[in-house]
Structures are given as C-alpha cells and as structure tokens.
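Trainee: Pasting the sequence and the predicted coordinates here, then a few questions.
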Amino acid sequence: MKVGIDKIGFYSPKFYIDTSDLAIARNEDPNKYLIGIGQKKQAVIPNTQDVVTMAANASYKIISHDDIDKIDLIIFGTETGVDNSKSAAIYLQNLLSLKSSARAFEIKQACYGATAGLQMAKEYIINHPDKKALVIGADVARYGINTPGEVTQGGGAIAMIVSSNPSIASFDGDSTFHSDDIMDFWRPLYSTEALVDGHYSNNVYVDFFKKTWKEYNDKNQLSIDDYSALVFHLPYVKMGIKGLRAVLSEATEDKQISLKNEFNFSKTYNENIGNLYTGSLYLSLLSLINESSNLKYGDRIGLFSYGSGAQGEFFSMKLEKSFKNAKSINDLNNLIANREKLSVEEYENIFNQWLPIKNIDIDLNWQRDDSTFFLKSIKNSQRIYSSRLEEK
Ligand code: HMG
C-alpha cells in the first residue's frame with residue numbers, strides 16, 4: 001500500500017517587500033541580496049496573522065468533506081507558536097470544524113517540525129489506511145531590523161493531507177537522520193526574534209546534509225542518478241545551492257545540468273516568500289511540482305529537512321499520477337502575484353507592531369487583512385480568532 005502526501009495547501013499574507021529596496025535601505029549592494037543570498041521578495045506578516053490563522057488559511061482551501069470525515073490526526077509543526085501550553089492544533093481544529101474524535105498536538109524542533117509530523121503521520125496511516133492526517137508547518141521568521149538575518153525573514157503556512165493512495169507523492173525508502181546539540185540558531189523564551197550564528201549555521205546545514213545523504217544512499221542502495229530532483233529546506237535560496245553543490249560532483253555532466261534546472265524550479269516560490277522555517281522544504285516541493293514541466297509519474301524526489309539546534313533528515317518520495325494540479329498552480333501564482341508591495345518604512349512599522357511577549361488587551365486592525373481567517377483581538381490573555389465567513 002502506498003502512503004504519502006495527498007494534497008498541499010499554502011498561505012502567506014498579502015504584504016511583501018522587494019529585497020533590492022531593503023538592500024538600498026541597509027547600504028548593501030542589491031546583488032548581495034538578489035544573488036549572494038538569492039532572495040527577490042520577502043513576505044511581511046501583519047499582527048492580524050499568526051501561525052494559527054496562517055495554518056487555517058492554508059488548510060481551508062484544500063480540505064474536502066471527505067477529508068473532514070477521515071482526519072483524526074492533526075499535527076502542528078511550529079517554532080513560533082502562540083501559547084506555551086495549549087497547542088496551535090487545537091485552535092486549528094476548531095477553526096476548521098474538524099472532528100473532536102482526533103489527536104491534535106503541536107511539535108517543535110526548529111525548522112524540522114513539519115518533517116517530524118509528516119513521518120509520524122506516515123506511520124499512523126500505515127496502521128490506519130482508511131484515515132487521514134493533517135500536518136502543518138507554519139512560522140513567522142523574524143531576526144530583527146538591520147541584522148544580517150533580516151534579508152532571510154518571511155513567513156507563512158504549509159498544510160499537507162497525508163493518506164493512503166495519495167495523489168501527489170508517496171514515501172519511498174527508509175529515512176536517515178542525524179541530531180546533535182548545536183547552538184547555530186535559537187530563540188529564548190523572552191524574545192520574538194531569533195538569535196543566530198549565521199555562518200556556523202550554514203556549515204552545520206551542509207555537514208548534516210552530506211551525512212544523511214550518504215547514509216540514505218548506502219542504506220537504500222541508491223545513487224545521485226536515481227533522483228529526478230533534490231529539494232532542500234530553504235532558509236534562503238543560496239543555502240539550497242550550497243547543499244546541491246556539495247554532492248553534484250557525484251553526477252555526470254548531463255545529470256548535473258538537469259539537477260540544477262530542477263533546483264531552479266524548486267526555488268521559485270521560496271525566493272518570493274522568504275523563510276517559512278518549518279514549511280520551507282514543502283514550499284520548495286510545491287514549487288518544483290508546479291513549476292517544472294520535466295517531471296513524470298514515478299520520478300524520485302530527494303528531500304533534505306534541517307532544523308537548527310540541530311536535526312537533519314533525508315528521505316525520498318515518488319511522484320504519483322495526479323501530482324500536478326491546475327487549481328493549485330493557479331491559486332499559488334495568484335497568491336504570489338497579487339500581493340501588495342510595501343516600502344521599507346511601511347514594513348518596519350508592521351514589523352514593530354508585532355505583538356510583544358507580555359500581557360496586553362488589544363483590538364487589532366483586522367479590516368485591512370482580507371484573509372479568510374485572522375486574529376481579531378486579545379482579551380484577558382486569550383486570542384480571539386475570527387473568519388470572513390462569520391464577519392459577513
Ligand atoms: P552576511 O554575513 O551578511 O552575508 O549574512 P555574507 O557576507 O556571508 O554574504 C552572503 C553571500 O553573498 C556570500 O556568498 C557573498 O559572497 C555574497 P557565499 O560565500 O555564501 O556563496 N555576496 C555577493 N554576491 C553578489 N554580489 C554582491 C555580494 N556581496 C556579497 N555584491 C547569513 C548571511 C546567511 C549568515 C545571514 O543572512 C544569516 O544569519 N541568516 C540567518 C541564518 C540562516 O538562514 N542560516 C541558514 C542555515 S540554518 C537553517 O537553515 C535553519 C533556520 O531555517 C532556522 C530553523 O531551523 O528554525 C535558519
């Protein structure tokens with residue numbers, strides 16, 4: 001029996017900045033951001049969106065009545081959750097009217113959370129093939145204004161439905177993973193911005209990739225020729241290029257050209273959104289599937305997941321017959337094309353309005369946010385969510 005990803009939904013808010021504008025404001029050469037880092041645009045997250053609303057906006061578009069009947073596992077991967085106790089999965093379950101007879105919980109390991117969720121969902125569906133699981137990767141990537149990490153910010157949510165006989169891609173082979181106690185990136189409880197040892201984090205990422213890649217190929221008796229494309233966790237596009245370059249010499253010249261071409265398709269969405277943290281790898285997978293016209297049923301895609309701190313995992317999936325979905329392509333292209341460009345000053349204002357880690361009662365300016373789900377207010381330390389479906 002095949003088990004894998006049946007549907008993928010994506011949401012990111014409607015505001016963005018051009019990284020060229022950001023470079024000029026920060027006295028940097030725009031080519032450093034465009035070529036050196038590889039980012040063109042960056043999503044800007046208003047305080048009316050958080051991981052719960054972004055996950056609801058990503059899931060809402062893909063969940064059918066049949067999915068609602070069958071989903072009894074909701075796993076929410078995030079490192080920017082909204083409560084130290086209650087999981088974002090419970091809020092999401094309510095907003096989407098999912099069944100109460102479900103397991104709903106949140107997991108955290110930096111950008112690795114969604115992969116942990118996906119692997120747990122895989123095991124669950126193998127044992128319960130008539131059920132479905134909803135796996136979320138949602139985050140807001142914040143480093144702070146005028147920091148080296150600023151150009152690698154972003155945010156949004158990925159929602160994946162895992163099922164038997166999936167439409168998009170099925171698991172193939174046995175994963176390899178590696179973890180170690182490493183201080184490359186972390187966010188203390190008092191802070192809404194991450195702390196990072198940026199250059200060190202790049203090196204650890206590549207080391208973990210090389211290790212899990214070699215182990216995977218040895219364990220599953222595969223070589224680089226067996227992959228039609230490799231997709232990476234993309235904190236910024238150049239990071240994936242560094243990963244790809246680390247193994248390209250194992251391939252023939254023709255294979256190198258084709259893997260580089262496919263990588264270019266896999267970066268299209270990410271270079272326009274920025275880092276999603278735990279959803280980034282799956283945004284890249286979606287970008288590859290939607291943008292490439294070379295892929296076909298049965299092709300093997302290698303996926304490298306990395307979460308600072310640090311956890312790495314390499315696994316592969318095979319494309320299923322209906323992996324391309326015209327509606328998904330249309331929705332994604334519209335979402336990216338129809339956003340509102342902000343000046344650097346407007347972005348800084350929105351950035352500074354992000355809700356602090358302290359007790360405040362606040363009514364938010366949700367009328368400017370035209371998303372289906374949004375955060376309306378905070379009263380008595382409780383988040384009040386709403387949706388346009390109710391406000392109409
Ligand atoms: P930096 O120090 O400002 O940049 O920050 P740099 O000086 O290293 O330059 C970057 C690249 O631009 C270099 O290329 C330069 O040569 C090039 P590279 O050597 O890397 O190939 N460059 C130019 N290119 C063209 N024209 C020019 C030009 N000038 C320079 N004029 C850094 C870069 C990534 C360190 C910083 O942005 C940062 O700290 N980012 C956040 C950390 C990060 O994303 N790390 C990635 C690995 S860790 C990870 O993936 C996990 C994470 O997602 C979190 C989680 O797991 O939760 C972050």
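Mentor: Done, it's in.

Trainee: Torsion angles phi and psi at the spatially closest residue to Lys14 that is not a sequence neighbour?
Mentor: Closest residue to Lys14 apart from its sequence neighbours, by CB to CB, 6 or more residues apart in numbering: Arg339 at 4.9 Å. (Glycine included, C-beta is placed from N, CA and C.) In terms of degrees, to the nearest 10, the main-chain angles of Arg339 are phi -90, psi 170.

Trainee: for the one 10 residues further on, same thing?
Mentor: Its backbone dihedrals place Asn349 at phi -60, psi -50, with angles given as degrees, to the nearest 10.

Trainee: give me the number of residues near it?
Mentor: 12 (other CB atoms under 10 Å).

Trainee: tell me the contacts of the residue nearest to Lys14?
Mentor: Applying CB atoms under 8 Å, 6 or more residues apart in numbering to Arg339 gives the contacts Lys14, Phe15, Tyr16, Ala43.

Trainee: Give me the number of neighbouring residues for whatever residue of the stretch 51-200 of the chain ends up closest to the ligand.
Mentor: Closest residue of the stretch 51-200 of the chain to the ligand, CB to the nearest ligand atom: Gly198 (2.3 Å). By other CB under 10 Å, 14 other residues sit near Gly198.

Trainee: Which of the helices or strands spans the closest residue to it other than its chain neighbours?
Mentor: Sequence neighbours aside, Pro148 is the residue nearest to Gly198 in space, at 5.5 Å (criterion: CB to CB, 6+ apart). For Pro148, there is no host helix or strand (DSSP states H and E).

Trainee: Does Pro148 touch His199 like I think?
Mentor: No. Between Pro148 and His199 there is no contact under CB atoms under 8 Å: 9.2 Å.

Trainee: which of the two has more neighbours?
Mentor: The neighbour comparison of Pro148 against His199 (other CB under 10 Å) goes to Pro148, with 14 against 9.

Trainee: where does the stretch 251-392 of the chain dip in pLDDT?
Mentor: Within the stretch 251-392 of the chain, the stretches with pLDDT under 70 are 391-392.

Trainee: and with 90 instead?
Mentor: Residues of the stretch 251-392 of the chain meeting the criterion pLDDT under 90: 326-327, 358, 368, 389-392.

Trainee: From the ligand, how far off is Asp370?
Mentor: Look at Asp370 and the ligand: by CB to the nearest ligand atom, to the nearest Å, they are 29 Å apart.

Trainee: again with Leu22
Mentor: As judged by CB to the nearest ligand atom, Leu22 and the ligand stand 12 Å apart.

Trainee: Distance of the residue nearest to Lys14 relative to Tyr277?
Mentor: 20 Å (CB to CB, to the nearest Å).

Trainee: one step back: phi, psi of the residue of the stretch 51-200 of the chain closest to the ligand?
Mentor: Dihedral pair for Gly198: phi -60, psi -50, per degrees, to the nearest 10.

Trainee: What parts of the stretch 151-300 of the chain come near the ligand?
Mentor: Residues of the stretch 151-300 of the chain found near the ligand (CB under 6 Å from any ligand atom) are 151-152, 184-185, 196, 198-199, 201-202, 205, 233, 235-236, 238-239, 275, 277.

Trainee: Tell me if I am right that Ala157 is in a helix.
Mentor: No. Assessed with DSSP: H, G, I helix; E, B strand; the rest coil, Ala157 is strand; it does not lie in a helix.
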